[in-house]
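**Q** sequence and predicted structure are below.
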Amino acid sequence: MGNTRESPAAFEEARAEYLFIDNARFLSMIAIVARHCELSLYDWSPAPLLESMIVQFRTFGVQLFFVVSAFLMLDWLARHDFDVRGYWRSRIRHVAIPWLIWVGIYIALDLVRFFTIPQKRPIGLGEEIFGDIFYQAYWYVPILLLSLAVLLLLRRYWESWRFGLVLLLLSLIYGVNQYTLWFPSAHTIAVFGYLFPAWVGVRLFQNFRAVSAWIVRLPWWLLIVLLSLSFSLTIGEDRLFESLGFPDTYNALQISNQFYSLVFLLVLLKLPIRLVPSFIDVRKDTYGIYLTHQIVAFVGRGTINLVAGRNAEGKSLFVQLPTLIQDPAARVGLWFLWTVVVYVIALLTVKLLRRSRLAWIVGVKGPSLSTVRARTDGGTDKISQVVARRDGLPVQDALPRERT
């Protein structure tokens, strides 16, 4: 583990170079929100080629999140003297508990729909709840935590390339299984399917400077060719899936998608510019957007359906959308608009929560007690101003101080 034990100053310098982490978080979250918004609008109806290509373009998101999460795990451990227990305490507090809250809210909302809206129910209550966890956006956290736990248990093998090849083989088995169907093919329940990208994140952290130096020497034309080739392969494999009648298209573990995601990672590592807008704190907002966007889309869809009513056949507006809007450009335009609406509402929700004592439910530390008082206790501010004017003090000096 020698590569993970450097001086604090070295780590601070290295952390400043992690531009690709912020870009990967930003792009991956947009990609994930976009996919869920597309499903929210059109469900699994056949997509025109233009829409299919855009959906396929954003399939890098899932794999990159596993790379980034493992990279940041090593970053945390390296700054805390490899305190594994401390790391898990941190993950429980900042990841697992917020996840339990939001997945609980989503399940509660879905069960209201399940029991109140007249419909034929092909599945039971237990299957509905399982689907809410593992066939919606919330599958990522349990699979991620399991993947990180397995890697930590096997950390003695991290620097072995043979170990990496074994993990790659596991991922490729999941890719082959998309055709053979030896076991359920959904990427959301692929318990061991993401160990390889997580291991890539570990090795990237351990060799970050060497990899960065190597990436700098790669010409842009080569990366563009590789990106174009890998993206073309994803489109071809997706068309093949459809021709064979396989329903699970755009699967993150398709062989072509795994290759495409690695190439996209190389592009982000070389990219010298920051893609994140200044109004987004990608390190504090991203997880909250992930937790809230599915609920925002669910509530938004339900509200619009309620206002629009049902047609003569009893179908809601969103159920009718695939037949009402068949022009490819119109479908994509509505999809992009819905994605922007859901993303912005989720972002604003997270920012509001972060400014309150409920910040912990989106995985971040809330403002200090004095900050909350300064924002909410108008009476204290007015009294402090009076005291300041009376005693000739700066207003800040007149503010009541917390006991330490």
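**A** That came through fine.

**Q** got the buried residues for stretch 353-364?
**A** 353-354, 359-364 (16 or more other CB atoms under 10 Å). The way it works is simple: take the backbone N, C-alpha and C, and place the C-beta from them, glycine included.

**Q** could you do stretch 95-110 as well?
**A** Using 16+ other CB under 10 Å as the test for burial, stretch 95-110 gives 95, 98-99, 102-103, 105-107, 109-110.

**Q** hmm, back to that, in CSV: the buried residues of stretch 353-364, plus pLDDT.
**A** What follows is the buried residues of stretch 353-364, written out as CSV (pLDDT from 0 to 100):
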residue, pLDDT
L353, 97
R354, 96
A359, 96
W360, 96
I361, 97
V362, 96
G363, 95
V364, 93
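
**Q** among the residues you listed, which lie within helices?
**A** Members of those lying in helices (criterion: DSSP state H): 353-354.

**Q** return the residues in contact with G61.
**A** 27-32, 35, 252 (CB atoms under 8 Å, 6 or more residues apart in numbering).

**Q** how about 6 Å then?
**A** Contacts for G61 were tallied using CB atoms under 6 Å, 6 or more residues apart in numbering; they are 28, 31-32.

**Q** now do S52 against Q320, distance only.
**A** The gap separating S52 from Q320 is 21 Å, by CB to CB, to the nearest Å.

**Q** neighbour count for those two, which is higher?
**A** Counted by other CB atoms under 10 Å, S52 and Q320 do not tie: S52 has more neighbours, with 18 against 14.

**Q** my guess is that one is in a helix, correct?
**A** Yes - counting by DSSP: H, G, I helix; E, B strand; the rest coil, S52 is part of a helix.

**Q** quick one: low-confidence parts of this protein?
**A** Within the chain, the stretches with pLDDT under 70 are 1-17, 118-122, 247-248, 312, 314, 368-404.

**Q** pull out the buried positions in stretch 217-236.
**A** Neighbour-count burial for stretch 217-236 flags 223, 226-227, 230-231, 233-235 (criterion: 16+ other CB under 10 Å).

**Q** how about stretch 333-346?
**A** Neighbour-count burial for stretch 333-346 flags 334-335, 338-339, 342-343, 345-346 (criterion: 16+ other CB under 10 Å).

**Q** burial of L268, as a residue count?
**A** Here the number of neighbours of L268 (other CB under 10 Å) works out to 21.

**Q** how much space between F196 and V166?
**A** 9 Å.

**Q** just want to know which of these two has more residues nearby.
**A** Shown here are F196 and V166; by other CB under 10 Å, F196 has more neighbours (25 against 15).

**Q** residue contacts, that one?
**A** The contact partners of F196, taken as CB under 6 Å, 6+ apart, are 167-168, 171.

**Q** looking at those residues, which is nearest G245?
**A** G245 has its nearest neighbour among those in S171, at 24.2 Å by CB to CB.

**Q** roughly how far does the closest one sit from Y106?
**A** Distance, S171 to Y106, using CB to CB: 28 Å.

**Q** same question for F231.
**A** Distance from F231 to Y106, counting by CB to CB: 32 Å.

**Q** equivalent analysis for G193, please.
**A** The value you get for G193 to Y106, if CB to CB is used, is 23 Å.

**Q** kindly report the same for R93.
**A** 21 Å.

**Q** before we move on, what about L77?
**A** In this view, L77 and Y106 are 31 Å apart by CB to CB.

**Q** ok, back up a step: ranking the contacts of F196 by neighbours, who comes first?
**A** L167 (24 neighbours).

**Q** need the nearest residue in space to I235, chain neighbours excluded.
**A** Nearest residue to I235, sequence neighbours excluded (CB to CB, 6 or more residues apart in numbering): Q56, at 5.7 Å.

**Q** ok, that neighbour to Y194 distance?
**A** According to CB to CB, Q56 and Y194 sit 19 Å apart.

**Q** go on, L169?
**A** Separation of L169 from Y194 (CB to CB): 14 Å.

**Q** which of those two has more residues huddled nearby?
**A** Comparing L169 with Y194 by neighbour count (other CB under 10 Å), the higher total belongs to Y194, at 30 against 10.

**Q** which residues touch the more buried one?
**A** Going by CB under 6 Å, 6+ apart, Y194 touches 66, 147.

**Q** distance-wise, check it relative to L64.
**A** For Y194, the distance to L64 (CB to CB) stands at 11 Å.

**Q** and L358, by the same measure?
**A** For L358, the distance to L64 - CB to CB - is 29 Å.

**Q** what residues are up against F231?
**A** Y260.

**Q** wait, A346 sits on Q294?
**A** No - if you go by CB atoms under 6 Å, A346 and Q294 don't touch, sitting 8.9 Å apart.

**Q** sec struct for S45, please.
**A** Taken by three-state DSSP, the conformation at S45 corresponds to coil.

**Q** does the residue nearest to it when sequence neighbours are not counted belong to a helix or a strand, and which?
**A** In this structure, S45 finds its nearest non-sequential neighbour in P322, 3.7 Å apart by CB to CB, 6+ apart. Here P322 sits within helix 317-324, counting by DSSP states H and E.

**Q** for I21, same thing?
**A** Under the criterion of DSSP H and E, I21 resides in helix 19-42.

**Q** now do that helix against helix 317-324, angle only.
**A** 90 degrees (axes from the mean of the first three to the mean of the last three CA atoms, to 10 degrees).

**Q** which other helices and strands contact helix 19-42?
**A** Packing contacts for helix 19-42, counted by 3 or more CB pairs under 6 Å, 6 or more residues apart in numbering; DSSP states H and E, involve helix 60-79, helix 255-270, helix 282-308, helix 328-354.

**Q** for the contacts of G61, which one is nearest F279?
**A** Distances from F279 to the contacts of G61, taken by CB to CB, are shortest for S28, at 18.6 Å.

**Q** neighbouring contacts of the host helix or strand of Q56?
**A** Assigned by DSSP H and E, Q56 belongs to helix 49-57. Identification of contacts with helix 49-57 by CB under 6 Å, 6+ apart yields 234-235, 238, 250, 328, 331-332.

**Q** walk me through the domains of this protein.
**A** As recorded under automatic domain parsing, the domains making up the chain are 2-362, 369-398.

**Q** ranking those domains by burial, who's on top?
**A** Highest mean neighbour count among the domains of the chain (mean count of other CB atoms under 10 Å): domain 2-362, with a mean of 17.
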